[in-house]
Structure formats: C-alpha cells, structure tokens
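K.L.:
The following comprises the amino acid sequence and a computationally predicted model.
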Amino acid sequence: MKTIGMIGGMSWESTTSYYSALNHGIQTALGGFHSAKIAMVSVDFAEIEMLQHQGRWDDTAEILLQAAQSVEAAGADFFMICTNTMHKVADQVEAAVSIPLLHIADATAEKLVEDGITRVGLLGTRFTMEQDFYKSRLTNKYGIEVVTPDDQQMDTVHNIIYQELCLGEINLSSRKAYEEVIDSLAVQGAQAVILGCTEIALLIQQEHTKIPLYDTTDIHAAKAVKVALD
C-alpha cells in the first residue's frame, strides 16, 4: 500500500470527511483492521483565508509547498491538496516536490467523462467559480463545458461557504438557497452539478435535489484509495 500525503485544514471540517473516506475506502477494499497509510500536514486556515481574500496567492502557495515538502519527507508516495480552491496554486506546489499530485479536478473530470456528462454546473468559492484555473482544466483537458451561477448567486454560494460551512454551521435556509442555485444551473442545461468546494457536501446531498451531484471530496478520496492500492 502506498502512503497518501494529505494537505488539510482548509477547512478542518472537510478534512475530517477526507480522513474518514480514505480509511473507509481502504478498509472496504482490504477488510479486517486495514486502514490508510497517511502522512498529513494540516495548515491554519485563518492564514490561508486572509491571503486568499487579499489576492496574495503566491504567499498561499508558499505555505502549501512547505506542507507538501513535509508530507514528502514523512514518506508520502503521492499527495492531495484537500480543497478545490487552493488548486489555483497546484502547479507551484507540485513543482516543489518530487512526488506526484493527485489533482482534484482530474479525479472529478474522469468520473464525469465515465458517466457521459458533457455539460456540468460548478459550485464552489467565488475564486473557483469565477476564475479560470478549475474550469479551463475541465474544458481543455476533458472537453466538459462548465456553467456557473450568476453574480448574485455566486455571492450567496461563496458567503455561505466562508461564513457558515467552514465554521461547521449547517442552516436549512442556506440549503434552500443552494437548491435554488442548483435548479438555475439545470435550467442552463447542466446535466449534473459539481460540489466544487469540499465543505458543500456538509450542507447538501443527493437526496436534496434531482440533478446528479458530484461530491469532489468523495471522488478525490476514492481516487486516492485506488492509487494507494494500485
């Protein structure tokens, strides 16, 4: 079994979901007392969040590349950045180490292609929905067309993530707001919706909507289990 490198803490609420999914995946595959071999560095999200909103992405990259070097030194065979938004600096982080990065957008896109999805809605932080680093990877590498919420809806989705979900708050009114945004993406022709922030699945699950949802946390973790056992 390979050792999985995890860069977590962004936020720790979703990192717990990752840790659970990785260990459940290994135990399901191997049975008995088996669990995942993990080397993890968990960063202080307060530092990351401040730098994100100040547009200081190179500084966030420096924090994550140091974390990547630490998990490599701890024996990780490959590593994961356990958040969608921080894949904005994925190339800089991966370049700082000799072990490969398991990219969250690649894992998600592979699943979409497998399921025949060619037009998908994207929910996430405003950085992920608005900027090109995530959407262009889906389109240019996998031929998947991406649709996003309008500007006001982006504000709603983004604010709920940072003001509630990252703090462990789950509100029914926010779930309803997300359901309305998802419905609007379906009207735009989305065949499915990516939950492109690792906290979103804490709020909304498949039972809350008819359109297929792709939880990037689960997909990313499942791919890591497969790579660890290959």
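P.N.:
Sure thing, it's come through.
K.L.:
any chance you could map the helices in the protein?
P.N.:
Applying DSSP state H to the chain gives helices spanning 12-30, 45-53, 57-73, 90-95, 104-114, 126-130, 132-142, 151-163, 172-187, 216-229.
K.L.:
Adding mean neighbour count, mean pLDDT and distance to Glu199 as columns, could you present the ones you listed in TSV?
P.N.:
The way it works is simple: take the backbone N, C-alpha and C, and place the C-beta from them, glycine included. TSV is the format used below for the helices of the chain (neighbours: other C-beta atoms under 10 Å; pLDDT from 0 to 100; distance: least, C-beta to C-beta, whole Å):
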stretch	mean neighbour count	mean pLDDT	distance to Glu199
helix 12-30	18	96	5
helix 45-53	15	95	11
helix 57-73	19	98	17
helix 90-95	17	97	19
helix 104-114	19	97	13
helix 126-130	21	95	12
helix 132-142	16	95	16
helix 151-163	17	96	6
helix 172-187	16	96	11
helix 216-229	21	97	9
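K.L.:
Nearest to Thr3, out of the ones you listed?
P.N.:
Thr3 lies closest to helix 216-229 among those, at 7.7 Å (C-beta to C-beta).
K.L.:
Just list what that closest one packs against, helices and strands only.
P.N.:
Judged by 3 or more C-beta pairs under 8 Å, 6 or more residues apart in numbering; DSSP states H and E, helix 216-229 is in contact with strand 4-8, helix 12-30, strand 78-81, helix 104-114, strand 192-195.
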